[in-house]
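need a 3D model of the following:
(chains A, B and C)
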Amino acid sequence: MIFTLAQIAEHCDAQIKGTDPALEITSAADIMSAQAGQVTVLSDSKYKKYLTDCQASACFISSQFDASDAPQQMALLVCEDPEMSFLAAVGALHPSPVVEKTISGKADVHESAQLGEHTHIGPFSSIGQHCEIGDQTEIYAGVHIGNNVKIGKHCKIYANVVIYDNTIIGDHVVIHSGSIIAADGFGYKFRNGQHVKVPHVGNVVIDDHVEIGANTCIDRGALGSTSIGAGSKIDNLVQLGHNNKVGRSVIICGQSGISGSCTIEDGAILAGSTGVADHVKIGQQSVVMARSGVSQDVKAGTQVWGSPAKDRKMAWKELAALSKLPDLIKRVKDLQSRLEKLEK
Amino acid sequence: MIFTLAQIAEHCDAQIKGTDPALEITSAADIMSAQAGQVTVLSDSKYKKYLTDCQASACFISSQFDASDAPQQMALLVCEDPEMSFLAAVGALHPSPVVEKTISGKADVHESAQLGEHTHIGPFSSIGQHCEIGDQTEIYAGVHIGNNVKIGKHCKIYANVVIYDNTIIGDHVVIHSGSIIAADGFGYKFRNGQHVKVPHVGNVVIDDHVEIGANTCIDRGALGSTSIGAGSKIDNLVQLGHNNKVGRSVIICGQSGISGSCTIEDGAILAGSTGVADHVKIGQQSVVMARSGVSQDVKAGTQVWGSPAKDRKMAWKELAALSKLPDLIKRVKDLQSRLEKLEK
Amino acid sequence: MIFTLAQIAEHCDAQIKGTDPALEITSAADIMSAQAGQVTVLSDSKYKKYLTDCQASACFISSQFDASDAPQQMALLVCEDPEMSFLAAVGALHPSPVVEKTISGKADVHESAQLGEHTHIGPFSSIGQHCEIGDQTEIYAGVHIGNNVKIGKHCKIYANVVIYDNTIIGDHVVIHSGSIIAADGFGYKFRNGQHVKVPHVGNVVIDDHVEIGANTCIDRGALGSTSIGAGSKIDNLVQLGHNNKVGRSVIICGQSGISGSCTIEDGAILAGSTGVADHVKIGQQSVVMARSGVSQDVKAGTQVWGSPAKDRKMAWKELAALSKLPDLIKRVKDLQSRLEKLEK
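Modelled structure (predicted):
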């Protein structure tokens, strides 16, 4: 899409400083690579060094920011929240392709399924008995949905997602390709030399505005539900085990694994490749730093690191101490021999 | 399903204590959430605190367990192994949905494939040349099976699983959605500045009663087989590399990765997110604790932890010592200055 | 396939020593399991102990290697590079099955897609608008390709791969089953208590001769591209986040995760289960050892280990020191009390 500077300024809550408001903007780019005809953003002072030589035709910038270095050709788009204004510009200049909504003749939709208005079902997808799919929801190709599944309105379920029976999904939920929702959890009892399977008769409940990345696995509850609260965002290749309760606005980054029966409270952040043991509680707004393994409850508002994870500052202190350890061993040896001399 | 207390007691090898044997039980729940009409279980003393206020109509309990705290309305189902009796009740009250077995007209089954009796092939699945599928085996939607694949009886292959050529699968095997069986292993020789691919002409052999979770990858052997012994259970998002030999009744938890040419002996347990280097042997009944990275053989019956993994007790001792290190550094400094004083 | 020893020697640049050149070889095996009729290789002296009792009919061996232990029946195939000669023999004896190339009537190819000569499109695959698929490229069953995707010549896209819009793929690229190319990256801005999605309008660009394993995720760029250079090899279950720039001939082993906006320079090796934080540069020919977590740039040609990763030798020194720490604590206590005695 092409917009004039004036249109972008209006759409993105910004004031134009310099240059012709009729100038045409064709796309968005970051400040290191933006060219003529593009709009960019400067919201972080560490990128300020790129401003002088930037070829962009326009740049979102905060009114607090000193932009005296900006090159001549560049219009400034002064605004309160440059990051958000820029995202709005990106969205306008690069709109998502409109899917022509159809129920593909090559899909396999059970006659008992109820489809809302303007739903899209791609080819080679299957929808089981007694499912309900809300208005405007798009289900891409190769998606397989079991029986008694409810999906709300305005959802996007990308290609090759699998959703097992009895799953309940809210509105505006996005699930990227290859993710598996509500497979059996991993539970066995060991009897007579054999692992006897714990039947998994629970389900998965996903609230509104949740986004789930690609190839992620959310297991069903053994009894009861595995649940994900509204607005939570889960990255790729995440393992969310049976009966976990994930709160609202939680962030779980790529390749993290949460065993089972954990509680992840509202606003908690789990960075990449973290792990959480069974039955652990991760408190509100707490942060589990990357690659940490959590085996005990994490208090609300705290930050933990390491494996096993502990208070971030304490863990870093130990880490710093460890780097001094080889030298410490030598010093202790030296003290020992000096002490021996004194003792003689 | 609804059963009377008497039916449940008989099915689950328990004796009723209290209440009317004709009472109807409609479902199962854990002791923290069970309501009237539900059956629960108390097998772990740490949940005993929930007994007094539990609303369940019935509770499985061991004859050794003191249940004097049990509320009035609750029937006790006294039995030898409450966990197993409860699982039997869960299975009876929440039976797996019966799949109406058909060969979908929307599947693509090669004419040379041999299908056993009462097999199920879902829509949009493909089965290659010279495959054999055993009696009662269910293959869900979107499953793609290469050529010369043999799958035994009573297996469940969930939606969107892919099985490459020449794989051999026993009876009663379950593979959850999105798992990839027998893709090429990761092997290259570096010559003239390029990575030259090692051809992978082996296969994967999976024995009876194996269960594989969702989005797990089991690579084929380079030469010979990657094999998984009877009764082993593998969780989600696990990477099992080429030419690994996994024994019987092995447990491999979520997101673990086993490089290649390893031997995992019978009854070994690999907890979540563990890693094993090439050519390592994990001994019988040994335990690799969560998030450990194993680079050397693990002796039968031992427990290891850490990265690199070592004997659990030794690793924990070091961990405890590490937490004292920042203080130790201060103490050594103090000793040093006191020693210097003495030396003067 | 069956070949005579003479044919194999010629095909694999080797000289026959001993035995009849007309002897028939039916397959290849490793030196521990090879039987009569099979060819094997001895390229690593640690396997020399298996030579004496090896039943193989022929064995590739370097002219530098002392093979006086070789059993009577075994022909020696003397060559310069036994590993490569053996791979050539494996490839000849166990050729990849020839796919009969057809455009399946059960696929869903948009009328605007351009297919090259001798392409193969498997059943239940879908190809979107304005795609271009090069000559000889094979797309297996259940693959879903968005709009405006370009795939070069001689590629193999295995079953159930998903490729989102605007992806560009070179020639001779292999992508194994279940991998997801160009899903949205994981980016949100936190405003008013909510995570606001960063639109991902970039793409993924994959150069020639790249191989990608099973169930791997390569996210699209937010703006601009996520790119993978020629000849790079990526294993299973890898997470490659948005806007990463991966160079040429890079190796990324299983379950590794690279956050975003990183630069992985030519020839770098990331061993299994490694992690790389945002905006980090991994230098040319450097090695990140298994299970390491990299949070700072890695210099060209260096090797790093640990989490956080540091110079390999330094990290190992600290590790060795840690194992002495429990004892060190005791020794310091002892010094302390002896010093106190002296001070009195």
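
only C-alpha atoms for contact and neighbour calcs from this point on.
OK.

which helix or which strand is home to A:Leu339?
A:Leu339 is part of helix A:312-343, with elements assigned from DSSP states H and E.

may I see the buried residues of that helix?
A:312, A:315, A:318-319, A:321-326, A:328-329, A:332, A:335-336, A:339 (16 or more other C-alpha atoms under 10 Å in any protein chain shown).

restrict the residues you listed to contacts with chain C.
For chain C, the contacts drawn from the buried residues of helix A:312-343 by C-alpha under 8 Å from any C-alpha of the partner chain are A:Leu322, A:Ser323, A:Leu325, A:Pro326, A:Ile329, A:Val332, A:Gln336, A:Leu339.

tilt between the helix holding A:Leu339 and helix C:312-343?
Inter-element angle recorded for helix A:312-343 and helix C:312-343: 50 degrees (by axes from the mean of the first three to the mean of the last three C-alpha atoms, to 10 degrees).

mean confidence score for helix A:312-343?
Mean per-residue pLDDT for helix A:312-343: 95.

about what we covered before: can I get the ones next to chain C among the buried residues of helix A:312-343 in JSON lines with distance to chain B?
Shown next, in JSON lines, are those (distance: C-alpha to the nearest C-alpha, whole Å):
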{"residue": "A:Leu322", "distance to chain B": "7"}
{"residue": "A:Ser323", "distance to chain B": "11"}
{"residue": "A:Leu325", "distance to chain B": "8"}
{"residue": "A:Pro326", "distance to chain B": "11"}
{"residue": "A:Ile329", "distance to chain B": "10"}
{"residue": "A:Val332", "distance to chain B": "7"}
{"residue": "A:Gln336", "distance to chain B": "10"}
{"residue": "A:Leu339", "distance to chain B": "7"}
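
which among the buried residues of helix A:312-343 gets closest to B:Val109?
Set against B:Val109, the nearest of the buried residues of helix A:312-343 by C-alpha to C-alpha is A:Arg312 (56.4 Å).

which helices and strands does the helix holding A:Leu339 pack with?
With contacts taken as 3 or more C-alpha pairs under 8 Å, 6 or more residues apart in numbering or on different chains; DSSP states H and E, helix A:312-343 sits against strand A:303-306, helix B:312-343, helix C:312-343.

so how far is that helix from its chain's centroid?
43 Å (C-alpha atoms, centre = their mean, to the nearest Å).

do the same with stretch A:147-158
Centroid separation between stretch A:147-158 and its chain, computed with C-alpha atoms, centre = their mean, is 19 Å.

which residues sit against that stretch?
The set of residues external to stretch A:147-158 that reach it, using C-alpha atoms under 8 Å, 6 or more residues apart in numbering or on different chains, is A:127-141, A:143, A:163-178.

looking at those, which are in strands?
A:Ile127, A:Glu132, A:Ile133, A:Glu138, A:Ile139, A:Ile163, A:Ile168, A:Ile169, A:Val174, A:Ile175 (DSSP state E).

most neighbours among the residues you listed, which one?
Comparing the ones in strands among the contacts of stretch A:147-158 by number of neighbours (other C-alpha atoms under 10 Å in any protein chain shown), A:Ile139 comes first, having 28 neighbours.

does that residue really touch A:Gly122, like I thought?
Yes. Contact criterion C-alpha atoms under 8 Å: A:Ile139 and A:Gly122 qualify, at 6.0 Å.

now do the same for A:Gln55: helix, strand or coil?
coil (DSSP: H, G, I helix; E, B strand; the rest coil).

and it, how many neighbours does it have?
Using other C-alpha under 10 Å, A:Gln55 has 22 other residues around it.

in space, what's closest to whatever residue of chain A ends up closest to chain B - neighbours in sequence excluded?
As assessed by C-alpha to the nearest C-alpha, chain B sits closest to A:Ala321 within chain A, at 5.5 Å. Spatial nearest neighbour of A:Ala321, excluding adjacent residues (C-alpha to C-alpha, 6 or more residues apart in numbering or on different chains): B:Pro326 at 5.5 Å.

which residues touch the one you found?
Neighbouring residues of B:Pro326 by C-alpha under 8 Å, 6+ apart: A:Lys317, A:Glu318, A:Ala321.

now do the contacts for the second one.
Which is A:Glu318. Counting by C-alpha under 8 Å, 6+ apart, the residues that A:Glu318 touches are B:Leu322, B:Ser323, B:Leu325, B:Pro326.

repeat for the last one
Counting by C-alpha under 8 Å, 6+ apart, A:Ala321 touches B:Leu325, B:Pro326, B:Ile329.

distance to A:Ala67 added to the ones next to chain C among the buried residues of helix A:312-343, as JSON lines?
Compiled in JSON lines, those are given as follows (distance: C-alpha to C-alpha, whole Å):
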{"residue": "A:Leu322", "distance to A:Ala67": "45"}
{"residue": "A:Ser323", "distance to A:Ala67": "43"}
{"residue": "A:Leu325", "distance to A:Ala67": "48"}
{"residue": "A:Pro326", "distance to A:Ala67": "49"}
{"residue": "A:Ile329", "distance to A:Ala67": "54"}
{"residue": "A:Val332", "distance to A:Ala67": "56"}
{"residue": "A:Gln336", "distance to A:Ala67": "62"}
{"residue": "A:Leu339", "distance to A:Ala67": "64"}
